[in-house]
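*Asks:* Quick one: sequence and predicted model below, then my questions.
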Amino acid sequence: MDNVALFIFCLICISSVAGHNDKQQEIDVYETLWTSSFNLAEQTLKLDFVQHMEAGDLHAERYVNFTIQDAYYLVKVTDMLQKLSTSVQKPADLREFFQGRYKSYSKFRDYFLNMYFLKGVSDIKPTPAIKKYISDYETVMNTKEPIYFAVSLLPCSRLWVWLANKVEMKQSNAYYAWKKDNKDGHPEKHYKKLLNKYLNVTDKEAYRIFRMQMQNEHDFFASS
């Protein structure tokens with residue numbers, strides 16, 4: 001039995017003991033998704049790229065390449081959110097989620113591209129890690145119910161906030177701006193209520209997709 005399967009089995013046992021008739025006793029899906037893959041967050045924190053960024057001695061070329069790949073990721077995910085913002089009509093709260101995420105992502109995309117004087121990302125060649133990451137997003141979008149695309153978005157939002165708060169940097173650090181820009185995010189405002197409403201704590205597909213995207217995040221940092 002792998003770690004995720006064992007984790008879900010334990011949750012089933014806990015849920016059975018607690019009983020299913022008390023809503024206040026239900027386990028938080030939003031939190032358990034994170035807990036189930038927390039080891040990948042810890043592994044990402046220990047990666048060479050993150051450690052050198054924390055120390056302030058990361059080679060500038062590596063950060064530039066990281067930023068370019070991030071721009072590619074941002075544009076491609078925003079394009080997918082644009083499609084979902086018009087194709088998902090019901091339920092209303094899921095439609096509003098995708099419309100809100102698209103509005104937020106598109107605003108940041110425009111800011112990001114303007115900041116780096118980019119007209120687009122058509123000339124950017126994605127690394128194998130980013131290419132797989134985007135491909136996995138597309139697979140979820142094209143083959144799964146829309147709620148699972150929401151699950152696939154969460155690892156990036158949750159992990160970057162956590163990493164930014166874990167790295168110890170002084171303002172004199174050349175990469176302090178990355179910490180500052182990411183440390184105050186609140187992904188729970190957008191995801192927690194939605195995921196807890198539509199997903200069951202024993203939903204194996206949700207855990208699989210969440211962990212897949214956490215692995216993709218890890219691999220993005222590892223390849224940078």
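*Replies:* That came in fine, so what should we check first? As the structure is a prediction and not an experimental result, all values here were calculated from the model.
*Asks:* Show me the helices in the protein, by range?
*Replies:* All helices of the chain, identified by DSSP state H, fall at 3-18, 29-36, 38-45, 48-55, 60-87, 92-115, 128-143, 146-166, 176-182, 188-198, 204-222.
*Asks:* what sits up against the fourth one?
*Replies:* Outside helix 48-55, the residues that touch it by Cβ atoms under 8 Å, 6 or more residues apart in numbering are 44, 58-59, 62-63, 66, 163, 167-169, 173, 175, 178, 221-222, 224. Yep, even glycine has a C-beta here, placed from its N, CA and C like the rest.
*Asks:* now the protein, which segments are flagged as low pLDDT?
*Replies:* Applying pLDDT under 70 to the chain flags the ranges 1-26.
*Asks:* which residues does the residue nearest the centre of it contact?
*Replies:* The structure's the chain has its C-alpha centroid closest to Cys156; by Cα atoms, centre = their mean the separation is 2.0 Å. For Cys156, the contacting residues are Gln213, Glu217, by Cβ under 8 Å, 6+ apart.
*Asks:* how about a cut-off of 7 Å?
*Replies:* By Cβ atoms under 7 Å, 6 or more residues apart in numbering, Cys156 lies in contact with Glu217.
*Asks:* Arg62 and Phe221: what is the separation?
*Replies:* Here Arg62 is placed at a distance of 11 Å from Phe221 (Cβ to Cβ, to the nearest Å).
*Asks:* Please read the previous query as pertaining to Glu54.
*Replies:* Distance from Glu54 to Phe221, by Cβ to Cβ: 12 Å.
*Asks:* and Lys103, how many neighbours?
*Replies:* Using other Cβ atoms under 10 Å, Lys103 has 12 other residues around it.
*Asks:* That one and Ala150, how far apart?
*Replies:* According to Cβ to Cβ, Lys103 and Ala150 sit 15 Å apart.
*Asks:* for Asp28, same thing?
*Replies:* For Asp28, the distance to Ala150 (Cβ to Cβ) stands at 16 Å.
*Asks:* okay, those two: which has more neighbours?
*Replies:* Of the pair Asp28 and Ala150, Ala150 is the one with more neighbours under other Cβ under 10 Å, namely 23 against 14.
*Asks:* residue contacts, the more buried one?
*Replies:* Neighbours of Ala150 in contact, by Cβ under 7 Å, 6+ apart: Phe97, Tyr191, Leu194, Leu195.
*Asks:* For the first one, give me its contacts.
*Replies:* Meaning Phe97. Contacts for Phe97 (Cβ under 7 Å, 6+ apart) come out as Ala150, His190, Leu194.
*Asks:* next one: phi and psi at the nearest residue to Arg211 once chain neighbours are set aside?
*Replies:* What sits nearest to Arg211 in space, not counting adjacent residues and going by Cβ to Cβ, 6 or more residues apart in numbering, is Ser37, at 4.6 Å. The phi/psi pair for Ser37 (degrees, to the nearest 10) reads phi -120, psi 20.
*Asks:* With Leu58 instead?
*Replies:* When read as degrees, to the nearest 10, the backbone of Leu58 gives phi -70, psi 130.
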